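> need a 3D model of the sequence below.
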Amino acid sequence: MPRFSLTAVRLGPPVRRRRPPFALVLVVIAAALGGGLLLIGGGVGSGTGGGSASPPPTFVGSGPTRVCVTGHAQFEASRRATVRIPVEATAPVSATARATVGRVTVTATLTKRIVEHATVTRRLVARQAAIATRRVCVRAATAHAAHTAALNKAYRSALAVARAAAGKQAAESLAQIVAHVRPATYAQAERMVQVRARSAAAAVHHALAQEALVKATAKAASRDRASRRR
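Modelled structure (predicted):
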């Protein structure tokens, strides 16, 4: 049986081991990653200093996320008006007095027209509340930003609609109140001014009667003196 010496084995030509095939694949992948990193680094670098640029700004309405929100708003509007009703009432006053001097009797009548003016004022207020709903969709970079922007926009839109509706309803309500209050206020003012006119006429009547008596007495005395001269 032949024998091989250990020395002959060691001095023989070296055996070249074959590299596994997957090692070549790893080298290719590593080279590709390195090139990609170099490209990314060159893209974000600025100049030769090697700094990094800030990311581009995001604008609401241009992002990839779209959110729709329904907003509700309530607004109360008030409208005021002042109704002035001028009225006038007249009361004729008549007083008659008779005076006798000697054989002469004279009757005197005096008349006077009493005029009373009054203005009745009513301050009116009408309040109306309105509720409006508006749905708005907004795009933004994130869902939270889109939801916040859509909620604010929907609320502002709904508030504008509610304000306009409440103002219109308050104006219409005020017009109805004025139309209802004006005739009643006029009737009340007329009754009030008539009472004033009658009260003033009663106060004037006594003075007018005294004046008529003086006038009648003067005429009677004058006629009596004239009759005696004949």
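> tell me the mean pLDDT for the helix or strand encompassing residue 89?
According to DSSP states H and E, residue 89 maps onto strand 65-101. The average pLDDT within strand 65-101 is 93.
> try stretch 150-168
Here stretch 150-168 scores 96 as its mean pLDDT.
> sorry, back to before: for the helix or strand that the strand holding residue 89 is followed by, buried residues please.
On the C-terminal side of strand 65-101, the closest following helix or strand by DSSP H and E is strand 104-140. Buried residues in strand 104-140, defined by neighbour count with 16 or more other C-beta atoms under 10 Å: 104, 106, 108, 110, 114, 116, 118, 120, 122, 124, 126, 128, 130, 132, 134, 136, 138-140. Using the backbone N, CA and C atoms, a C-beta is placed for each residue, glycine as well.
> just give the strands next to strand 104-140 in its sheet, each with its orientation.
Take DSSP bridges as the rule and strand 104-140 pairs in its sheet with strand 65-101 (antiparallel).
> how about the contacts made by the closest residue to residue 153 other than its chain neighbours?
Nearest residue to residue 153 in three dimensions, chain neighbours excluded: residue 136, at 4.7 Å (C-beta to C-beta, 6 or more residues apart in numbering). The contact partners of residue 136, taken as C-beta atoms under 8 Å, 6 or more residues apart in numbering, are 68-69, 71, 150, 153-154, 157.
> just list whatever residues bridge to residue 136.
The partner residues for residue 136, given DSSP bridges, come to residue 69.
> got the angle between the longest helix anywhere in the chain and strand 65-101?
Assignment by DSSP state H gives helix 143-229 as the longest helix of the chain. Orientation note: helix 143-229 sits at an angle of 10 degrees relative to strand 65-101 (axes from the mean of the first three to the mean of the last three C-alpha atoms, to 10 degrees).
> work out the gap between helix 143-229 and the centre of the chain.
29 Å (C-alpha atoms, centre = their mean, to the nearest Å).
> list the helices and strands it packs on?
Packing contacts for helix 143-229, counted by 3 or more C-beta pairs under 8 Å, 6 or more residues apart in numbering; DSSP states H and E, involve strand 65-101, strand 104-140.
> relative to residue 145, how far out is the residue nearest to residue 153?
Relative to residue 145, residue 136 is positioned 14 Å away (C-beta to C-beta, to the nearest Å).
> returning to what we had before: residue 227: which of the contacts of residue 136 is nearest?
Lowest distance from residue 227 to these (C-beta to C-beta) belongs to residue 157, with 100.9 Å.
> between the contacts of residue 136, which sits nearest residue 84?
Using C-beta to C-beta, residue 157 is the member of the contacts of residue 136 that sits closest to residue 84, with 40.4 Å.
> just give me the neighbour total for that closest one.
17 (other C-beta atoms under 10 Å).
> excluding chain neighbours, what is closest to it?
Per C-beta to C-beta, 6+ apart, closest to residue 157 is residue 134, 4.2 Å.
> where does pLDDT dip in this protein?
1-63, 230 (pLDDT under 70).
> distance of residue 220 from residue 106?
4 Å.
> overlap of the contact sets of those two?
99-100.
> show me what contacts residue 189?
Residue 189 touches 85, 87, 118-120, counting by C-beta under 8 Å, 6+ apart.
> roughly how far does residue 130 sit from residue 119?
35 Å.
> for stretch 125-136, output the C-alpha coordinates as PDB.
Provided in PDB are the C-alpha atoms of stretch 125-136 (Å, rounded to 0.1, in the frame of the first residue of the first chain):
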ATOM      1  CA  VAL A 125     -86.100  96.000  19.300                       C
ATOM      2  CA  ALA A 126     -86.200  92.800  17.300                       C
ATOM      3  CA  ARG A 127     -83.900  89.900  17.900                       C
ATOM      4  CA  GLN A 128     -83.500  86.800  15.700                       C
ATOM      5  CA  ALA A 129     -81.100  83.900  15.800                       C
ATOM      6  CA  ALA A 130     -80.100  81.800  12.900                       C
ATOM      7  CA  ILE A 131     -78.100  78.500  12.500                       C
ATOM      8  CA  ALA A 132     -76.200  77.600   9.400                       C
ATOM      9  CA  THR A 133     -74.300  74.500   8.300                       C
ATOM     10  CA  ARG A 134     -71.500  74.400   5.700                       C
ATOM     11  CA  ARG A 135     -69.300  71.500   4.500                       C
ATOM     12  CA  VAL A 136     -65.800  72.300   3.300                       C
END
